[in-house]
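**Q** this one's sequence-less:
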Ligand SMILES: [Zn+2]
């Protein structure tokens, strides 16, 4: 969804809450959506509990009917980056047993941290080639909901499941075949939308923490 109608339910200076929104809040390594509410620029979106706070470059009044529009060009880049990150995690974690410790997605470049005692560039680049061949074949990104009990029965999800707060009893699962995990973020519908992953840089970040940067072509 790129555009929507809504009503302002809370306005605190430049912080706006709507009765419904398509803006995705910052979190989990994804930047918050930017765009417009009416003609006013939305410069960030922040998740707070179940609500999204829209940071706007102006003012709106409670009760006002508004038209929201996401900056789709930027959002789509993040969707592609995010699915690409899951694909890399799938290969590095599930195939190589590396622990991916963090990631930060950007519009032009993203980065991912992983644990590897000695950086083996050729091995990592080999996985990127494999990722690109999976992308070129394409494949549906499946998104569905699972009850906690069901998720705990799934071998591929158990590790993640243990880390999930018990009060969340229904999980949104993002399944791209090589990787599946509970995830609340935005993704493309098919792997072939990602394009081609290109590693731009490797960095050493501490004793066994390695960082890679990638872009999409
Ligand atoms: Zn994710």
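**A** Looks like it came in fine. As the structure is a prediction and not an experimental result, all values here were calculated from the model. Numbering: from 1, shown residues only.
**Q** could you point out which element follows the worst-scoring helix or strand of the chain on mean pLDDT?
**A** Lowest on mean pLDDT, DSSP states H and E among the helices and strands of the chain sits helix 155-163, with a mean of 67. Beyond helix 155-163 in the direction of the C-terminus, DSSP states H and E gives the next helix or strand as strand 170-175.
**Q** Is any residue of that following strand near the ion?
**A** No: contact between strand 170-175 and the ion is absent, the nearest approach being 6.4 Å (criterion: Cβ under 5 Å from the ion). The C-beta positions use only the backbone N, C-alpha and C, and glycine is treated the same way.
**Q** Paired strands for that strand, with orientation please.
**A** strand 142-147 (antiparallel), strand 180-182 (antiparallel) (DSSP bridges).
**Q** what separates the residue nearest to residue 2 when sequence neighbours are not counted from residue 95, distance-wise?
**A** Spatially, and ignoring its direct neighbours in sequence, residue 2 is nearest to residue 72 (4.9 Å; Cβ to Cβ, 6 or more residues apart in numbering). Using Cβ to Cβ, to the nearest Å, residue 72 is found at 33 Å from residue 95.
**Q** Tell me which of the strands paired with strand 170-175 sits most buried.
**A** Comparing these by mean neighbour count (mean count of other Cβ atoms under 10 Å), strand 180-182 comes out on top with a mean of 19.
**Q** touching the ion at all, that one?
**A** No: Strand 180-182 lies out of reach of the ion by Cβ under 5 Å from the ion, never closer than 6.8 Å.
**Q** Helix, strand, or coil at residue 79?
**A** helix (DSSP: H, G, I helix; E, B strand; the rest coil).
**Q** scratch that, residue 59
**A** Applying three-state DSSP: residue 59 is coil.
**Q** For it, list the residues it contacts.
**A** 11, 13-14, 40 (Cβ atoms under 8 Å, 6 or more residues apart in numbering).
**Q** just those residues now: which is nearest residue 120?
**A** Among those, residue 14 lies closest to residue 120 (Cβ to Cβ), at 47.4 Å.
**Q** excluding its backbone neighbours, what's nearest residue 87?
**A** That would be residue 131: by Cβ to Cβ, 6+ apart, it lies 5.0 Å from residue 87.
**Q** these two touch, right, that neighbour and residue 86?
**A** No: in this structure, residue 131 is not within contact of residue 86 by Cβ atoms under 8 Å, at 10.1 Å.
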